[in-house]
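J.: Build me a model from this:
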Amino acid sequence: MLATMRLARIRSFLLRNLSLRILAVLIALGLWFFVNAGQREEQQSMLVPVEYRGLPSGLIIVNRRPDFISLTISGPRTLLSLLDPGRLTVHLDLRGLTPGEADIKITPEMFRIPRKTTIDRIVPSQITLDVDQIMTRELPVRLSIKGQVASGLAISAIDLKPSVVTVTGPSHALRSVDAIDTMPFDVQGADEPVSRYVQLADVGTKIKLSTNWVLATVKLQDVVTEREFHDVEVSVRNSDHKFLLHPPHISLTVRGPQKTLASLDLDGSVYVDARDLGVGWFETPVQVDLPKGLEVVRESPDKVRLRLYRAKLEAQG
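T.: Residues are numbered from 1 along each chain as shown. All right, here's what the predicted structure looks like:
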């Protein structure tokens, strides 16, 4: 009986030792796989931020500059997994730059990466900066008109407040600019002065304006033109004698507002004045009654021959 118990204890001890040994072997194998897998060479690509510092006062970068650089890094997988793009930010010192193009090479030494890792590729490997001097100018505002005012009217004056704006930007962009345009200002069909705020046109992100809005007032006036009238009958005023006119009709040209001329009727408005004239032949100037704002610029002829007879005109009515 005692021998049987001792045998059972021995068997149990041997089984426990075997289990511990198997567990130890499994742990060792796991560590081996973990270490060897972590040491395996791999490649990883990432975008690294670029920071520009120290640009001298009075200068501006006018071309599009990259905000990120693409890096391809090789090394053990465990080390690559620890890389943080933010901590690899490349800081470019722009102190000492002058107007013109500046080429800055991007080298592996600019990046702090772990030992046993290597930078295989950098894109772009060079950054070109177009540096220009900042200029400030006072430029007039130019109103961009859209549409046509009402018929018979024309734009007489344009008032802008402010009429001049301060413009700051790259010198090469401002040297060729002679005015700052507005967005289209619609006057279609306007028959009275138009006044409202209008935005200045986009001049790009590199150019700064002292204001982006102006108050525009468009003033109107009548279109002044000329109209010709032919075969207009000449009448005789201030005489009750029979008469003869030679010629009895004339042609004339009248200048004035287009709207007034369009409806002008000269019937009875063209005459000679026979006041204080006796019987006989007379050469007398032709006169024209016109509404205010109109004037005669040509008459053909400007004088007619008038004969007054002794006989009286028959009473009308």
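J.: which residues in the chain form helices?
T.: 2-38, 77-80, 171-174, 258-262 (DSSP state H).
J.: Need the per-residue pLDDT for residue 13.
T.: Residue 13 carries a pLDDT value of 57.
J.: residue contacts, the closest residue to residue 259 other than its chain neighbours?
T.: Distance criterion CB to CB, 6 or more residues apart in numbering; nearest residue to residue 259, sequence neighbours excluded, is residue 152 at 3.9 Å. Quick note: C-beta positions are derived from backbone N, CA and C, even for glycine. Taking CB atoms under 8 Å, 6 or more residues apart in numbering, we find residue 152 in contact with 222, 223, 257, 258, 259, 262.
J.: Turn those into a markdown table, columns for distance to residue 248.
T.: What follows is these, written out as a markdown table (distance: CB to CB, whole Å):
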| residue | distance to residue 248 |
| --- | --- |
| 222 | 33 |
| 223 | 33 |
| 257 | 30 |
| 258 | 30 |
| 259 | 31 |
| 262 | 27 |
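J.: Quick check: the residue nearest to residue 259 vs residue 224, distance?
T.: For residue 152, the distance to residue 224 equals 10 Å [CB to CB, to the nearest Å].
J.: Check residue 106 too.
T.: For residue 106, the distance to residue 224 - CB to CB - is 69 Å.
J.: ditto for residue 197
T.: Distance from residue 197 to residue 224, by CB to CB: 31 Å.
J.: ok, how many other residues are close to residue 205?
T.: 7 (other CB atoms under 10 Å).
J.: next one: phi and psi at it?
T.: phi -70, psi -20 (degrees, to the nearest 10).
J.: and if you look at residue 289?
T.: phi -90, psi 120.
J.: Report pLDDT for it.
T.: 96.
J.: correct me, but residue 178 touches residue 141?
T.: No - Residue 178 is beyond contact range of residue 141, at 11.6 Å (criterion: CB atoms under 8 Å).
J.: Excluding sequence neighbours, find me the nearest residue to residue 289.
T.: In space, residue 289 is closest to residue 269, 4.5 Å off (CB to CB, 6+ apart).
J.: Next up, the contacts around the one you found.
T.: Residue 269 touches 288, 289, 290, counting by CB under 8 Å, 6+ apart.
J.: Would you confirm that residue 184 contacts residue 144?
T.: Yes - taking contacts as CB under 8 Å, residue 184 lies within contact range of residue 144: 5.2 Å.
J.: longest strand of the chain?
T.: Determined from DSSP state E, the single longest strand within the chain is strand 126-142.
J.: And that one, what's buried?
T.: Across strand 126-142, burial judged by 16 or more other CB atoms under 10 Å covers 127, 129, 130, 131, 132, 134, 135, 137, 141, 142.
J.: Can you list the strands that that strand pairs with?
T.: Neighbouring strands of strand 126-142 in its sheet, by DSSP bridges, are strand 59-61 (antiparallel), strand 100-105 (antiparallel), strand 164-170 (antiparallel), strand 180-181 (parallel).
J.: Would you mind giving those strands as TSV with distance to residue 239 added?
T.: Below are these laid out as TSV (distance: least, CB to CB, whole Å):
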stretch	distance to residue 239
strand 59-61	86
strand 100-105	92
strand 164-170	65
strand 180-181	65
